[in-house]
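Enquirer: Structure here, sequence nowhere to be found:
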C-alpha cells in the first residue's frame, strides 16, 4: 500500500466490470486513474477463482457479441477502445429442462421454431414469428446508437448528434423501447408456453419477468440472439479473462489497480468529492472525480453525513433489491460423460409458480467443455446456481462457522443437486470437490448488499438513474445506474461515466477510433 499514489485525477471505488470499464477508458483518455478494490482479486461479481486445479466463474458465464464485429455489446466497445481482445470459444446450443419437455435449443430463429412446432404446434410458431417481425424494427432502433456515444451532460448533443442520420429511419420505433417488454409481447403472443419462455429469457437478463424487464433490453437480446449465423461466446480462461483484459488495458494506459484496498469514506471538501479514505487511514485525493462502482446502498455508506440531501439518501436507500443466489461449484470426474452434452443448461421446476419464485429456476454452466484448461485433465468444473431467488432473510445473522449454517447450506443446496442430476444422473458419485455458496458468501466476497443480484427496478415503474449525484465530483456506475443489470449494461454504465468526465473532443476521437476498429 505504501507505493499507492496519494493523488490522482480520478479514483474509482470497486473493480467490477462497470468500474474497470470506466477506469480503463479514462486511462485511455489520458487521465491518471486509481482503482481501489476491497477484495484480493479484481472483477467483482465477474471475478474467477481457483481451487485444486479448477478455475471457476463466480458469477456470469453467458456472453455474446465479443467474438465478432460489428457488435452491439458495450463491453466489446470498451475492449476495442482500450485496444484489448478476449479470445473466445463459440457455441450455439444450450440445454432446457422444462415442465413440458427436455430439449436442446440454439440461438437463432429457426431451430427454436422446430422445438415450438413439436411442443405446441403451428399456431405457437406463427405467434413466435409474429413477435420476431414486430421486434425486428425495434431491435434495429435499439442498436442504431452505440452505447459508447452516451454521456450525461450537454456534450451528448454532439456525441449522440453525430448518429442522428442513422437514427432517423428508426424514429417510429423509439417509443416502443420505453416501458416493459410485456407491452409488446402480450400483443403478439398468447400461447402459454411461449409467454413462459419469454418470462424466462427476461428473468435471465434482468432478474425480473417480462412485465418488469425493459423493452430496450429485450430488443438488444433479439438483435444479438436471433440474427442469422449467431453464436454465443465463452471467453477462453473463463470470465476472469475479461477482467484480466480490462486490467491490462487500464495498466497499459497508465492506470493503477490497488487490491485489498477497502474504501471506507468519500472525502468531501465544501460541496465536492475530493478523494477517498481507505481502511488503515490512507487518503487518495482526486483532482477530477470519484466514481463509485459499489452498489447503490453501499455507496451511501461511504458518504459523510450531510454531504448529500437527506431526500436523495432516503430515495436511494429505498431502492428495491433482487434476491440473492445459492451456488454450487463442483470439480468432477468427467470419464464416460456424453460427448454432446451442452455447456449451459436451464432448469425450470414449475411454470405456475413463476420464474422469480424461490428455488424454481436453476442454471448450470460446464465451461470446461468449451475450454479444457479450466479443469485438470479428465475432469470438469461445474457452476450451478439459483439466480436471484434466494431470500437473504433466511441467512441473516447466521454465524458462518455454526452447525446451523452448515445444515441450512446442505438443505438449500439440494434443489441444485437434483437439477444437476437430471443432466448427470450420477453426479454425486463423480464429485471430487464441492463448494457451496450462499447469500452470505455473495455479501462477503462480492461486496453485494444483502447478497443481492442488484436493484429490482421494474420497467415502467421507474428508471435507473444516470451516473450523476448531488455531490459535485461524485459519479456512479454499475448495476445501480443506467442502463441497469447485466454485463453489457454495467459496461455501458462505466463507459458513460467515463465519457461524462472527459471533454467532448476526446469522446468524439474515441468514437471514431472504435468505428475504424469495426465496433459499430
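Expert: Here it is on my side, so go on. Just so you know, these numbers come straight off a predicted model, no measurement behind them. Numbering: from 1, shown residues only.
Enquirer: Residue 37 against residue 263, yeah?
Expert: No. In this structure residue 37 lies outside contact range of residue 263 using Cβ atoms under 8 Å: 9.1 Å. From N, CA and C alone the C-beta is placed, and that goes for glycine too.
Enquirer: as a whole number, average confidence for the helix or strand hosting residue 234?
Expert: According to DSSP states H and E, residue 234 maps onto strand 232-235. Here strand 232-235 scores 95 as its mean pLDDT.
Enquirer: contacting residues around residue 183?
Expert: Contact analysis of residue 183 by Cβ atoms under 8 Å, 6 or more residues apart in numbering lists 215, 460.
Enquirer: which secondary structure elements does the strand holding residue 234 contact?
Expert: strand 88-91 (3 or more Cβ pairs under 8 Å, 6 or more residues apart in numbering; DSSP states H and E).
Enquirer: How far off centre is the strand it packs on?
Expert: Remark: strand 88-91 is offset 19 Å from the chain centroid, using Cα atoms, centre = their mean, to the nearest Å.
Enquirer: ok, and for that strand, which residues are buried?
Expert: Residues 88, 89, 91 are the ones in strand 88-91 that count as buried (16 or more other Cβ atoms under 10 Å).
Enquirer: Tell me the one of the residues you listed nearest residue 368?
Expert: residue 89 (10.8 Å; Cβ to Cβ).
Enquirer: If we ignore the residues flanking it in sequence, what's nearest that closest one?
Expert: Counting by Cβ to Cβ, 6 or more residues apart in numbering, residue 89 lies nearest to residue 370, which is 4.1 Å off, once chain neighbours are set aside.
Enquirer: hang on, isn't the one you found packed against residue 342?
Expert: No. Counting by Cβ under 8 Å, residue 370 sits too far from residue 342 to count as a contact (10.2 Å).
Enquirer: helix, strand or coil for residue 319?
Expert: coil (DSSP: H, G, I helix; E, B strand; the rest coil).
Enquirer: make that residue 459, sorry
Expert: coil.
Enquirer: so where's this structure uncertain?
Expert: 1-3, 109 (pLDDT under 70).
Enquirer: tell me, which strand in it spans the most residues?
Expert: Longest strand in the chain, counting residues (DSSP state E): strand 379-390.
Enquirer: What's the local residue count around residue 56?
Expert: Each residue near residue 56 was counted by other Cβ atoms under 10 Å, and the total is 28.
Enquirer: Actually, residue 241.
Expert: 18.
Enquirer: my read: it touches residue 247, true?
Expert: No. With contact defined as Cβ under 8 Å, residue 241 does not count as touching residue 247 (10.7 Å).
Enquirer: what's the closest non-adjacent residue to residue 298?
Expert: Closest to residue 298 by Cβ to Cβ, 6+ apart is residue 449, at 5.5 Å.
Enquirer: Pop out the phi and psi values for the one you found.
Expert: The phi and psi values for residue 449, taken as degrees, to the nearest 10, are phi -50, psi 120.
Enquirer: Over to the one 3 residues further on?
Expert: Main-chain torsions, residue 452, degrees, to the nearest 10: phi -70, psi 150.
Enquirer: Can you give me every residue that contacts it?
Expert: Residue 452 touches 295, 321, 322, 323, 324, 392, 442, counting by Cβ under 8 Å, 6+ apart.
Enquirer: what's around the closest residue to it other than its chain neighbours, how many residues?
Expert: Closest residue to residue 452 apart from its sequence neighbours, by Cβ to Cβ, 6+ apart: residue 321 at 4.1 Å. By the criterion of other Cβ under 10 Å, residue 321 has 22 neighbours.
Enquirer: tell me the contacts of residue 321?
Expert: Contacts of residue 321 by Cβ under 8 Å, 6+ apart are 297, 449, 450, 452, 453, 454, 455, 456.
Enquirer: Identify the bridge partners of it.
Expert: Counting by DSSP bridges, residue 321 forms beta bridges with residue 455.
Enquirer: The one 5 residues further on now?
Expert: Partner residues in beta bridges with residue 326, using DSSP bridges, are residue 386.
Enquirer: these two touch, right, it and residue 411?
Expert: No. Applying Cβ under 8 Å, one finds residue 326 not in contact with residue 411, separated by 10.3 Å.
Enquirer: separation between residue 410 and residue 48?
Expert: Distance from residue 410 to residue 48, counting by Cβ to Cβ, to the nearest Å: 26 Å.
Enquirer: between those two, who's got more neighbours?
Expert: Per other Cβ under 10 Å, whichever of residue 410 and residue 48 has more neighbours is residue 48, with 21 against 11.
Enquirer: The more buried one reaches residue 238, doesn't it?
Expert: Yes. Counting by Cβ under 8 Å, residue 48 does reach residue 238; the two are 4.7 Å apart.
Enquirer: list the residues that contact both of these two?
Expert: In contact with both residue 48 and residue 238: 55, 56, 57, using Cβ under 8 Å, 6+ apart.
Enquirer: so what's residue 257 bridging to?
Expert: Beta-bridge partners, per DSSP bridges, of residue 257: residue 35.
Enquirer: Next, the contact list for the closest residue to residue 38 other than its chain neighbours, please.
Expert: Nearest residue to residue 38, sequence neighbours excluded (Cβ to Cβ, 6+ apart): residue 262, at 4.1 Å. Residue 262 sits next to 36, 38, 278, 279 when contact means Cβ under 8 Å, 6+ apart.
Enquirer: go on, residue 211?
Expert: With Cβ under 8 Å, 6+ apart, residue 211 has these contacts: 180, 181, 182, 458, 459.
Enquirer: contacting residues for the third one?
Expert: Put plainly, it is residue 182. Applying Cβ under 8 Å, 6+ apart, the residues contacting residue 182 are 209, 210, 211.
Enquirer: what's the closest of those to residue 432?
Expert: Using Cβ to Cβ, those come closest to residue 432 at residue 209, 37.5 Å.
Enquirer: Which secondary structure element is home to the closest one?
Expert: Using DSSP H and E, no helix or strand contains residue 209.
Enquirer: what do you get for residue 230?
Expert: Counting by DSSP H and E, residue 230 is part of no helix or strand.
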